[in-house]
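In: Predicted model follows, preceded by the sequence.
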Amino acid sequence: MSARTGDAQITLTLRPALGIVRAMSSVLEDLRARLPSGYRSRPFEDADREPFVAATNAESHPMEAESAKEWRRWEAMLRDETLIRLTVVDAADAVVGMASLGVGMMPRPDGAQRLDVGVHRDHRRHGIGSALLEAFEAEAHRRKVPRLLSGTSATRPFALEFATRRGYREIGRRIMSYRELASYEPERWRSSHDRISHGGIRIRSVSEILAEHDDAGRERFWRELWEAEAPMWDDIPWATPTPHWTFERFHKMAAKSGQMLADLSLVAYDGDTVAGFTTTGDRQGKDGWTWMTGVARDHRGRGIAMALKVDVLARAKARGLRAMCTVNDESNKAMRGVNIKLGYEPVPDHIELEKTLS
């Protein structure tokens with residue numbers, strides 16, 4: 001089971017300061033009795049990010065490589081006041097594992113939370129993962145969490161087996177894919193853009209749109225984009241119910257985070273109506289990451305999604321980026337088909353897991 005940041009968010013009765021301290025103390029005390037000899041747990045420290053990311057990257061596809069810097073940036077922006085994260089170290093105080101429980105990016109209507117556990121390769125099969133899982137599940141029971149979400153890569157069959165034996169079941173798969181840009185030939189795909197242009201659809205970059213407005217006009221634009229996104233979001237085949245995020249969170253990520261690449265985020269207009277859009281975030285200064293591509297329900301079947309993807313790939317190549325990356329649910333066959341046609345290459349599936357707590 002991976003130890004990446006979660007993608008669930010709920011409102012808890014647990015008080016962020018005192019409640020979290022008490023909860024962490026309970027889990028630490030629990031782990032003292034569970035961890036094998038030679039290992040101990042302690043509160044997570046910021047410097048733990050580097051060794052953990054290095055260990056995870058060593059077992060991941062090169063395009064999945066993460067960075068401690070971006071981990072810090074996202075966590076600071078999307079603060080989780082209910083998060084508990086603990087580190088396991090060996091006798092030499094080297095980081096060998098980690099686990100976390102808490103709220104992430106998206107709310108779950110039933111109050112589900114996410115539990116992630118990771119143990120470095122050289123320290124597996126010693127009972128560390130079992131100790132972490134059992135101690136954190138006990139905390140989830142204390143929080144009265146109805147179910148836990150987690151996940152792992154298809155490249156780690158041992159992790160899937162570990163989770164399955166402990167009551168987790170697969171509920172879906174998310175597929176990351178990437179389009180390397182050096183070989184991308186924009187001219188080959190120009191007809192896709194021309195086709196919708198002849199149909200009256202205009203594609204504009206967010207940077208162009210924002211440049212035309214004052215502060216009040218920019219605020220209206222962001223709200224219009226968020227409102228247009230809602231039905232598109234509802235049509236995404238999520239593995240578990242995921243309500244559309246609040247405007248405040250959308251605005252913080254899109255307009256305030258500094259992570260969106262406004263020149264590579266595009267809006268397709270039919271007159272003054274948002275017919276579709278694609279938003280792109282920065283990934284470690286060398287890649288673009290597609291956050292969302294969607295088309296309004298009454299504009300589907302006209303090639304707008306393809307045109308948006310074709311356009312953003314051309315712009316990303318001109319900008320000098322290495323690749324464009326994206327993630328789609330396995331069941332989202334329409335968007336995955338667009339990506340495959342454009343030459344996106346998949347990395348191993350991310351398997352989404354769930355466990356119902358009694």
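Out: In hand now; what should we look at? Numbers count the residues shown, from 1 in each chain.
In: Which residue is the nearest non-sequential neighbour of H126?
Out: P36 (5.1 Å; Cβ to Cβ, 6 or more residues apart in numbering). No exception for glycine: its C-beta is placed from N, CA and C like everyone else's.
In: what about the one you found, how many neighbours?
Out: Neighbour count of P36, defined by other Cβ atoms under 10 Å: 12.
In: How about the one 10 residues further on?
Out: Here the neighbour count serves as a burial measure; for D46 (other Cβ under 10 Å) it reads 10.
In: In stretch 100-114, which residues are buried?
Out: Buried residues in stretch 100-114, counted by 16 or more other Cβ atoms under 10 Å: S100, L101, G102, V103, G104, M105, M106, P107, R108, A112, Q113, R114.
In: Please identify which pair of these lies farthest apart.
Out: Greatest spacing in these, by Cβ to Cβ: S100 and P107 (17.6 Å).
In: what pLDDT does L18 get?
Out: pLDDT recorded at L18 is 72.
In: do you know how far it is from H251?
Out: 30 Å (Cβ to Cβ, to the nearest Å).
In: quick one, which of those two is more surrounded?
Out: H251 (17 against 9).
In: Report pLDDT for the residue nearest to the more buried one when sequence neighbours are not counted.
Out: Closest residue to H251 apart from its sequence neighbours, by Cβ to Cβ, 6+ apart: W222 at 5.5 Å. Here the pLDDT value assigned to W222 is 98.
In: and the helix or strand where W222 lies, which residues are buried?
Out: Using DSSP states H and E, the element containing W222 is helix 215-234. Going by neighbour count (16+ other Cβ under 10 Å), the buried part of helix 215-234 is R218, F221, W222, L225, W226, A228, E229, M232, W233.
In: again with stretch 248-263
Out: Buried-residue list, stretch 248-263, by 16+ other Cβ under 10 Å: R249, F250, H251, M253, A254, A255, S257, Q259, M260, L261, A262, D263.
In: Okay, strands next: where are they in the stretch 101-250 of the chain?
Out: 113-119, 147-153, 169-180, 201-205 (DSSP state E, counting those that start in this stretch).
In: So what touches the strand or helix carrying V310?
Out: Assigned by DSSP H and E, V310 belongs to helix 304-319. Outside of helix 304-319, the residues within contact range by Cβ atoms under 8 Å, 6 or more residues apart in numbering are 179, 181-182, 184, 186, 189-190, 192-193, 195-196, 201, 203, 205, 263-266, 268, 275-278, 280, 288, 290, 293-295, 324, 334-335, 338-339, 341-342.
In: Perfect, that will be all.
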